[in-house]
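>>> Compute the structure for the input listed below.
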Amino acid sequence: MLNKTTSRREFLKNSGQVALGLSLIPNSLLQVANPPSSNRREGLVKDPVIRSGLVSAIHQNLIPAASQRFYPGHFRISADGRAYGNDTTWPGLDSWQMAGAYLLIGRTQLVLDYFRFVRASQRKDGNIPFAIFNGDTRPGGFLSGLNYPDDVYQYAPLEREGVPDSALAIRKWIGLFVHWQPLAEPLGTLGATCYLLTASEIFEATRDKEWLRDNISSVDRAARYLLTKIHTDGLVYGTGFYTELPPRRGCDGISQCYLVHAYRKLSELYRALGSRDEAHFWSHAADHLTDAFIKAFWRTDHFGEYLHFERGLVDSHGLSDTNFAAIAFGLADHWHREKLWPKLVQAREFWLGNVPTQTVTKPFTYEDWEDTEPVNLPIEHGNDAAAMGRAYYLEALACIKMHDKARLLECTRLVCKAAENGYWRERYHPQKDGTVKPAGAAKYCEYPAVLTRIVLGNESLFSK
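Residues are numbered from 1 along each chain as shown. Below you'll find the model as predicted:
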């Protein structure tokens, strides 16, 4: 049974072993693992702590997770498959984070096959599930939102060499679109937004216009589904983008920032295809959402956390990850950044216990009214007020946007030092004495994925 310190999906664990050798690691990564003593080419990681962390992230976590046992392109979101399910897929956040990392280490076909599988789960309204389970899974508990049998679908993989025979079997699957908190509806925009971002990153890696033409209609449908979540005030509803408890019921600041980012990326995809009208449409949608976000969330020298559906802007938990997201994705202009960045870099509470990055700087100030519906499941009410890879990712992107290389290197070193024997936990809960307590899934691949994204996606910043 789950308890307060285990992952909410630990009950899905299955045993499984996978043998993947060094042959799967590109030569550039082998060079990182054994760097030459001098005259290193640009792109090799200089800092020994970060270099060691990167090698662990890839070799001990990402590579073993790519078992492809259940379909070509399948990877688990814990290194050994013992948490979060050995046969599950998480298009909402987890798998998108990992897909981007796999592209950076040369596993392009893996990601293309993953995308094909997720596309098959898309509903007629364009939405993408934030989780996918085997077709025998039934509603209940954390999976009470499953719409069985309506959301069951059958997937026939393409033939692929080098995958287990089990990967080529035709199977039934079911997508999870509705959260176990139906009133608050956390993760309501997560699957579709991450789907857009995955498509964008595939095209950035491949520049394959034929692939893009084949998939753009599906991506557009997901984007148009997200338009239905935008209300008359111009903001996107659907509650916590990547947080469940606290649910941030109403308009999560993170949701606004990520959707602006996704719409801008979709505009770029259409521009690459020469579709100027569509490119303008999605660029305008991003600008409109940006304006609504600034109007609703800006507070003199920082952004609020979320807009509660009854009580308005919530800004009582210190500084939040919304601020990093606004900078990272360009919603904050130069004027905002000049006021905001000094406050963020002085807030050491983001790094409690020397583990970046907490979602808020005052995590013990959440009130009962912020849990908007009864939660009769074994999970802490402040479970996601914690340090997590998703918040570190936003902070690192914000550092890059602000050209703050010193802070980028410092927070990345701390992330690498947080690993124990080459593995990271899902989250690190703050303690009142200023320390953190590792919690959630062990050998969880979020920190490894975002660490790989940040370092290999910005090699020049880590090589000098």
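
>>> Once you drop chain neighbours, what's closest to Ser166?
Arg69 (5.3 Å; C-beta to C-beta, 6 or more residues apart in numbering). The way it works is simple: take the backbone N, C-alpha and C, and place the C-beta from them, glycine included.

>>> wait, doesn't that neighbour sit right on Asp87?
Yes. Taking contacts as C-beta atoms under 8 Å, Arg69 lies within contact range of Asp87: 7.4 Å.

>>> about what we covered before: how many other residues sit next to the residue nearest to Ser166?
19 (other C-beta atoms under 10 Å).

>>> Need the three-state assignment for it.
coil (DSSP: H, G, I helix; E, B strand; the rest coil).

>>> Tell me the pLDDT of it.
At Arg69, the model reports a pLDDT of 97.

>>> can you check Cys251 too?
On the pLDDT scale, Cys251 gets 96.

>>> Relative to Tyr366, how far out is it?
The gap separating Cys251 from Tyr366 is 17 Å, by C-beta to C-beta, to the nearest Å.

>>> Compare the two and say which is more crowded by neighbours.
Neighbour tally, Cys251 and Tyr366, criterion other C-beta under 10 Å: the higher count belongs to Cys251, 28 against 18.

>>> Assess the claim that the more buried one and Phe241 are in contact.
No. Checked against C-beta under 8 Å, the pair Cys251 and Phe241 is beyond contact range at 10.1 Å.

>>> any idea how far the residue nearest to Ser166 is from Thr198?
Distance of Arg69 to Thr198, given as C-beta to C-beta: 21 Å.

>>> now swap in Leu93 and tell me
Distance from Leu93 to Thr198, by C-beta to C-beta: 11 Å.

>>> do Glu204 as well
11 Å.

>>> what's the answer for Asp87, then?
Counting by C-beta to C-beta, the gap from Asp87 to Thr198 is 20 Å.

>>> With neighbour numbers in mind, choose between Glu204 and Thr198.
Legend: neighbour count by other C-beta under 10 Å for Glu204 and Thr198, higher for Thr198 (24 against 14).

>>> Mind listing what's buried along whatever helix or strand the more buried one lives in?
Secondary structure from DSSP states H and E places Thr198 in helix 190-206. Under the neighbour-count criterion of 16 or more other C-beta atoms under 10 Å, helix 190-206 has 190-203, 205 buried.

>>> what's the answer for stretch 210-217, then?
Leu212, Asn215, Ile216.

>>> The first one contacts Leu269, correct?
In this case it means Leu212. Yes. Here Leu212 reaches Leu269: they are 6.2 Å apart, a contact under C-beta under 8 Å.

>>> what sits against the nearest residue to Leu187 once chain neighbours are set aside?
Excluding its sequence neighbours, the residue lying closest to Leu187 (C-beta to C-beta, 6+ apart) is Phe130, at 4.8 Å. For Phe130, the contacting residues are Trp90, Pro91, Gly92, Leu93, Leu176, Phe177, Leu187, Leu190, Gly191, by C-beta atoms under 8 Å, 6 or more residues apart in numbering.

>>> In JSON lines: those, plus secondary structure.
Below are these laid out as JSON lines (three-state DSSP):
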{"residue": "Trp90", "secondary structure": "coil"}
{"residue": "Pro91", "secondary structure": "coil"}
{"residue": "Gly92", "secondary structure": "coil"}
{"residue": "Leu93", "secondary structure": "coil"}
{"residue": "Leu176", "secondary structure": "strand"}
{"residue": "Phe177", "secondary structure": "coil"}
{"residue": "Leu187", "secondary structure": "coil"}
{"residue": "Leu190", "secondary structure": "helix"}
{"residue": "Gly191", "secondary structure": "helix"}
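
>>> Now tabulate those residues in a markdown table and tack on distance to Thr435 and pLDDT.
A markdown table is the format used below for these (distance: C-beta to C-beta, whole Å; pLDDT from 0 to 100):
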| residue | distance to Thr435 | pLDDT |
| --- | --- | --- |
| Trp90 | 29 | 98 |
| Pro91 | 34 | 97 |
| Gly92 | 30 | 92 |
| Leu93 | 26 | 94 |
| Leu176 | 34 | 98 |
| Phe177 | 38 | 97 |
| Leu187 | 29 | 95 |
| Leu190 | 30 | 97 |
| Gly191 | 34 | 98 |
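
>>> State the pair within these that is farthest apart.
The two members of these with the most space between them (C-beta to C-beta) are Leu93 and Phe177, at 14.6 Å.

>>> Run a quick neighbour tally on the nearest residue to Ala199 once chain neighbours are set aside.
Distance criterion C-beta to C-beta, 6+ apart; nearest residue to Ala199, sequence neighbours excluded, is Val219 at 4.6 Å. Val219 has 28 neighbours, counted by other C-beta under 10 Å.

>>> just Arg51 next, same as before
Neighbour tally, Arg51, other C-beta under 10 Å: 18.

>>> Helix or strand: which one has it?
Element membership of Arg51 [criterion: DSSP H and E] is helix 48-56.

>>> after that helix comes which helix or strand?
helix 63-65.

>>> in the sheet, who's paired with Cys251?
Beta-bridge partners recorded for Cys251 (DSSP bridges): Leu307.

>>> How about the contacts made by it?
Cys251 is in contact with Leu235, Val236, Tyr237, Ala296, Tyr306, Leu307, Phe309, counting by C-beta under 8 Å, 6+ apart.

>>> Which among those residues count as buried?
Buried among these by 16+ other C-beta under 10 Å: Leu235, Val236, Tyr237, Ala296, Tyr306, Leu307.

>>> picking that back up, ok, the contacts of Cys251 vs Leu414, which is closest?
The closest of those, once distances to Leu414 are taken by C-beta to C-beta, is Tyr306, at 26.5 Å.

>>> thought the closest one was touching Gly253?
Yes. Counting by C-beta under 8 Å, Tyr306 does reach Gly253; the two are 5.6 Å apart.

>>> Overlap of the contact sets of those two?
Taking C-beta under 8 Å, 6+ apart as the contact rule, the neighbours common to Tyr306 and Gly253 are Thr322.

>>> How many neighbouring residues does Asp433 have?
8.
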